[in-house]
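1. Let's see this in three dimensions:
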Amino acid sequence: MKKNKLFYYWEKKDEYVLLLFLLRILSLIYLSGYFLRKTLYRLGLIRVKTLKTKVISVGNITSGGSGKTPFVLYLAKKLQEKRINFAILTRGYGRGKKATREIRKIESPDIKWEEVGDEPLLLSNHLPEIPVIIDKNRYISGKIAQDKYRADLVILDDGFQHWRLKRDLNILMIDSTFNLKEERILPAGRLREPLSSLKRAQVFILTRVDQSEHLDNIKMTLRSLNPQAPVVESVLKVTFAINWKDKTEIEPSYLSGKMGIAFCGIGNPYSFVNTLRGLGIEILNSFFFLDHYIYTRKDLFSLEEKCMELGADFLVTTEKDSIRLPENTGLKILILVIKVELKIISGEKELWQVLNL
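-> A predicted model of the protein is given here:
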């Protein structure tokens, strides 16, 4: 007997449908917790802390990579040019000890990522004179920035959901390679909050607009929910590649026509692969690990074996991933690290009008 098509779909997809159902149940639980927390803040049952110094939050509404760290670096370098005294407050995800840490690479050149987290170390590598203060409680780290470093301004890294600290400005990063309207609440999707929370932002930074197929739809969504906030468009531009072993710099043009194997543990790995292809690299294979994945020598030897098997010229990864690679591996294959910077292609004037610095 010929089966009804709908019945056949459900029969073959029963495990997927069950998983989707469970994820949506978990999303409802997550959403209930979100609204409960929001209500406690609105009623004043959880008090919002206030610093004397100006607080600028750079965050996102989705899990995974949205280009937040490159934008923090962009903003920080502009503040340095303006000679504004500032500090960066960050959580330090993935570090061992949870005590408050303060780092300035110029004073702590040998600091290990396991002590502070990969993103704080990356920030400090690029900004060696700027205090990067690490604590889950951003009011505690903010007080250190305010009282010890006399900061006129603090950048609250990944702060959109950190309601306990009052901020003067919410900058919201949007990865434009994903269509916001198609996203669901965690864990069924990537949304940390309902789309209605977009109303809290004072400015939107769209990243990877050169790789987006949803740009017009995203802009329409943002304008319908928050028409007052400027929409800034940006791309991630490759500055150069680095030989991971000896730290020598390689011009991106040298990589065109070469064959490589990509690996990374970041929020949006497909965007990284697209960036590599944009350099003219033929990607023979790619391996994606969990965000903040801690690599082992065994991982690298397996990747090296795959390189030799396919005849690749090198392994290639991101700057953040390179921080988590084990030292003294004894690998024979070349590992290249791609460095990028955020470049604003439209809306920069409007951004700085909102920043008012």
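
2. how near is the nearest residue in space to Phe204 that is not next to it in sequence to Leu122?
-> Sequence neighbours aside, Val231 is the residue nearest to Phe204 in space, at 4.9 Å (criterion: Cβ to Cβ, 6 or more residues apart in numbering). Every C-beta, even on glycine, is put in place using the N, C-alpha and C of the backbone. Distance, Val231 to Leu122, by Cβ to Cβ, to the nearest Å: 27 Å.

3. Not counting its own residues, what contacts the helix or strand hosting Ile174?
-> Taking DSSP states H and E as the criterion, Ile174 maps to strand 169-175. With contacts defined as Cβ atoms under 8 Å, 6 or more residues apart in numbering, strand 169-175 is touched by 55-62, 64-68, 71, 159-160, 180, 198, 200-208, 218, 222, 268, 271, 354-355.

4. Kindly write the PyMOL command that selects the buried subset of the residues you listed.
-> In PyMOL syntax, the buried subset of the contacts of strand 169-175 is picked out as below (16 or more other Cβ atoms under 10 Å):
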select buried, resi 55+56+57+58+59+60+61+62+65+66+67+68+71+159+160+180+198+200+201+202+203+204+205+206+207+208+218+222+268+271+354+355
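
5. Could you list which of the contacts of strand 169-175 belong to helices?
-> Lys68, Phe71, Ile218, Leu222, Ser271, Val354, Leu355 (DSSP state H).

6. which one among the residues you listed gets closest to Arg138?
-> Taking Cβ to Cβ as the measure, Arg138 lies nearest Lys68 of those, at 14.9 Å.

7. What's the local residue count around the nearest residue to the closest one once chain neighbours are set aside?
-> Leaving out its chain neighbours, the residue that sits closest to Lys68 by Cβ to Cβ, 6+ apart is Met173, at 4.9 Å. Neighbour count for Met173, taken as other Cβ atoms under 10 Å: 27.

8. Identify the residues contacting the nearest residue to Gln161 once chain neighbours are set aside.
-> Nearest non-adjacent residue to Gln161, counting by Cβ to Cβ, 6+ apart: Arg192, 5.9 Å away. By Cβ under 8 Å, 6+ apart, the contact list for Arg192 reads Asn60, Ile61, Thr62, Ser63, Phe160, Gln161, Leu186.

9. List phi and psi for Arg192.
-> Torsion angles at Arg192 (phi, psi; degrees, to the nearest 10) stand at phi -80, psi -30.

10. ok, now Asn85?
-> Main-chain torsions, Asn85, degrees, to the nearest 10: phi -80, psi 120.

11. okay, now it: neighbour count?
-> 15.

12. ok, now which ones touch it?
-> Applying Cβ under 8 Å, 6+ apart, the residues contacting Asn85 are Tyr149, Arg150, Ala151, Asp152, Leu153.

13. Against Asp168, how distant is it?
-> 16 Å.

14. now the end-to-end length of stretch 44-51.
-> With Cα to Cα, to the nearest Å as the measure, the ends of stretch 44-51 fall 18 Å from one another.

15. Run the chain-centre distance for that stretch.
-> 27 Å (Cα atoms, centre = their mean, to the nearest Å).

16. ok, and what's touching stretch 141-150?
-> 49, 51-53, 55, 85-87, 89-90, 100, 102, 131, 133-135, 151, 154, 156, 165.

17. mind running it again at 7 Å?
-> Where contact means Cβ atoms under 7 Å, 6 or more residues apart in numbering, the residues beyond stretch 141-150 that reach it are 51-53, 55, 85, 87, 89, 100, 102, 131, 133-135, 151, 154, 165.

18. With just CA atoms, put that stretch into PDB.
-> Taking Å, rounded to 0.1, in the frame of the first residue of the first chain, the C-alpha atoms of stretch 141-150 are listed here in PDB:
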ATOM      1  CA  SER A 141      35.800  45.000  37.300                       C
ATOM      2  CA  GLY A 142      34.200  48.400  36.500                       C
ATOM      3  CA  LYS A 143      35.000  49.700  40.000                       C
ATOM      4  CA  ILE A 144      38.700  48.700  39.500                       C
ATOM      5  CA  ALA A 145      38.800  50.500  36.100                       C
ATOM      6  CA  GLN A 146      37.100  53.600  37.700                       C
ATOM      7  CA  ASP A 147      39.100  53.700  41.000                       C
ATOM      8  CA  LYS A 148      42.500  52.200  40.200                       C
ATOM      9  CA  TYR A 149      42.900  53.200  36.500                       C
ATOM     10  CA  ARG A 150      40.900  56.400  36.600                       C
END
